[in-house]
Structure formats: structure tokens, C-alpha cells
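Asks: Following is a predicted model, sequence given first.
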Amino acid sequence: MKAYVVEQAGGPEVLQMRDIPSPEPSAEEVQIRVRAFGLNRAETYLRAGKMGAISAPRVPGIEAVGEVLHDPSGTLRVGQRVATAMGGMQFSRNGSYAEQVTVLRNNVIALDDTALSWAELATLPEAYLTIWGALDKSLAIQRGQTLLVRGGTSSVGMAAIIYAKARGLRVIATTRSAANSQGLYQAGADEVVVDDGNIAQRLGQQVDAALEVVGASTLRDTLKTLRPFGAVSVIGLLGGAPVLEQFHLMQDLPGATRLSFFPSGLLGTPAMPLQDSPLSWLAGERAAQRIPSLLSRTFAFDEVPSAHRLMESDRALGKLVVVL
């Protein structure tokens, strides 16, 4: 099969297409023919060597949609439409930048009843499963609450806006550029704030729950927007290293508020079985056009390096998808 392989850290040019074997699935695995996959910052971090030294060839990619080629257990039938995310992809096993991928069955979701295109389906897994974990599990969002999405123009930020509005929340989204405001309103944001690093002074304490996509650089300010008993879930590191220097529990953490970090590595584990996820419901909502599309642009398989360049330019509003 053809796959992109990274043999040394560097820019998009180190993504090299190679012919490599397709691993046969074990009793706990499923082999999938990849039809499309979404792009994620984690893959640029791996490629650039920010997730450790590259001591052996690595296939990037942490999500995909496609058709079942082989499930030794017989749980999933050949040709069945599925989505997969995480489960060690690109770390302890080959990732999804390939014509085929072999993944843990616990990290596969059947998507039988959808008429969505492969490109649209590929926008769903990693972004919305992460949002499910952060909003429903970590923050326990409720209809009628106010949610702050700090970093709304990222694909996961856009997914948070769309999902929270579908769940009946009021959403405030931030962007560093006023030019992106219209796109955030179209995604469903009720209010858009141009982020100068100090939004708490403008918003005050009106937020029940906050999703921190930027990371440590804006976290202290995000915490100040919380009402008593509000909560922040950190899911992104767009603003740099995940380090808070001299964090003061009494001065920086407002009274009766909660701070957590949601790692998408929990997806598919006993703590977060994917069968409980809303992915099939979201596919249905998108097919019925009850929620907006997260899709920004599609690329062919031989255009992956170009897609990485666009992702790193921060000019894409929404999800970049590669279709095979």
C-alpha cells in the first residue's frame, strides 16, 4: 500500500510517499480501507519532531474514515462504513496517512446510516470526539449555559461552537482576527470577541464553561471569565508549550472553579467507549443540514505536503481533509 512516511524531523517536504506493507489485523484489530482523513496539528508536531525524536520511520495520522477490509472477530462486516480515531495511531502503530490502516477495534465506530460524502464524514471523528470528551465528560455542559470557546477558528474550536449550539448553549467564541468573525457567526457563535490576550476585562464573569484551545498563554485570562462553580477544560496548545510559570492556586484560580485537561488519548479506552459517542447522531444532523459543515478544503492524496503548509499558515477556517 502507499503511505506517507516521515524518516526525519522537518518541514512538509519530509512527508514522503512510500510503498509499505499493510499490517494484518490481530484478534483485537480491524483493517480499514482509508477513503478520507482529516488533518490535525498533532501530525505537524510529530513531523516537526516536537513529539520526540524520530528514530524510526513513522506514518502520521490520528483519524480516518473508510470501509472495513477485515475484522477477524466478525463484529464488523466487510465494506461497512466506519470512522476511527486515536488508539495509538502515529505513535505505537502506523497512522492514517495511508491507503489502509490497521487499528484497535475499540477505536472504530460504525457509520452505517449516513449518506454523507467521505469528505464530510472525515471532518467528524477527531474534532467532535474530542469535543464530546471535553464538553460532555469534563465540563458536563447543560442547555442554557454560556460556553466560551477560546480559539474558535481552529477546527476543534469550530466543532465546539457547532456542537454546543446543537445542544442548546449560548456560545462566545474568540479569534485573533476580526476578518474571521463572520465565519464564527456562521458556525453558530452568539458573540465573537477579537482576542488581544485580555478578554476577561471585557466579558466579566459570565461564563459557565470554557474550552481552552489556545493553551497556557491565555489560561489565566480565561479562568477570570468564569462564574462561581464554572469550569475550564484545556484541549489545545496553539499558544505554545503547556507550562504555567508560578501558577498561584488562590490568585489565578477563581473561587469555586474547576480546571482540567482533556487528552484525546482517552478515546476508545474503558473510560470513554466510542459506542457511547454522539458521532452517528452528528453525521445524521449534518446530512439533514441541521448543523453547518466543518469542511474548509479538500486535498488529493498526493497533496498532503501542501495541506500541511496551509494548516501551518493558520489561514484555514475549519477542517482540512484529504480524500483518497
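Replies: Received the coordinates, thanks. Please read all numbers here as calculations on a predicted model, not as lab measurements.
Asks: Give me the helix or strand of the protein that scores worst on average pLDDT.
Replies: For the chain, using mean pLDDT, DSSP states H and E, the weakest element among its helices and strands is helix 216-223, scoring a mean of 93.
Asks: If we go by neighbour counts, what in whichever helix or strand comes after that one is buried?
Replies: Note on helix 216-223: by DSSP states H and E, the next helix or strand toward the C-terminus is strand 226-234. Under the neighbour-count criterion of 16 or more other CB atoms under 10 Å, strand 226-234 has Leu226, Arg227, Gly230, Ala231, Val232, Ser233, Val234 buried. Using the backbone N, CA and C atoms, a C-beta is placed for each residue, glycine as well.
Asks: now the residues you listed in CSV, with distance to Arg286 and pLDDT?
Replies: Conversion of these to CSV gives the following (distance: CB to CB, whole Å; pLDDT from 0 to 100):
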residue, distance to Arg286, pLDDT
Leu226, 31, 97
Arg227, 32, 97
Gly230, 30, 97
Ala231, 28, 98
Val232, 28, 98
Ser233, 24, 97
Val234, 27, 96
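Asks: from those, which single one is nearest Met51?
Replies: Set against Met51, the nearest of the buried residues of strand 226-234 by CB to CB is Val234 (17.7 Å).
Asks: that older thread, got the angle for the least confident helix or strand of the chain vs strand 226-234?
Replies: Counting by axes from the mean of the first three to the mean of the last three CA atoms, to 10 degrees, helix 216-223 points 150 degrees away from the direction of strand 226-234.
Asks: which residues sit against helix 216-223?
Replies: Residues outside helix 216-223 that contact it (CB atoms under 8 Å, 6 or more residues apart in numbering): 148, 150, 195, 197-200, 210, 212, 232, 234, 237, 239-244, 247, 252-254, 257, 259.
Asks: Return the subset of those residues lying in helices.
Replies: Ala200 (DSSP state H).
Asks: Among the contacts of helix 216-223, which ones are in strands?
Replies: Counted as lying in strands by DSSP state E, out of the contacts of helix 216-223, are Leu148, Arg150, Ala210, Glu212, Val232, Val234, Leu259.
Asks: quick one: the last one from Glu285, how far?
Replies: Put plainly, it is Leu259. For Leu259, the distance to Glu285 equals 31 Å [CB to CB, to the nearest Å].
Asks: ranges for the helices of this protein?
Replies: Assigned by DSSP H, the helices in the chain fall at 41-47, 118-121, 125-131, 155-166, 181-187, 200-203, 216-223, 279-287, 304-313.
Asks: returning to that earlier point: can you tell me which of the contacts of helix 216-223 are buried?
Replies: The neighbour count (16+ other CB under 10 Å) marks 148, 150, 195, 199-200, 210, 212, 232, 234, 237, 239, 253-254, 257, 259 as buried among those.
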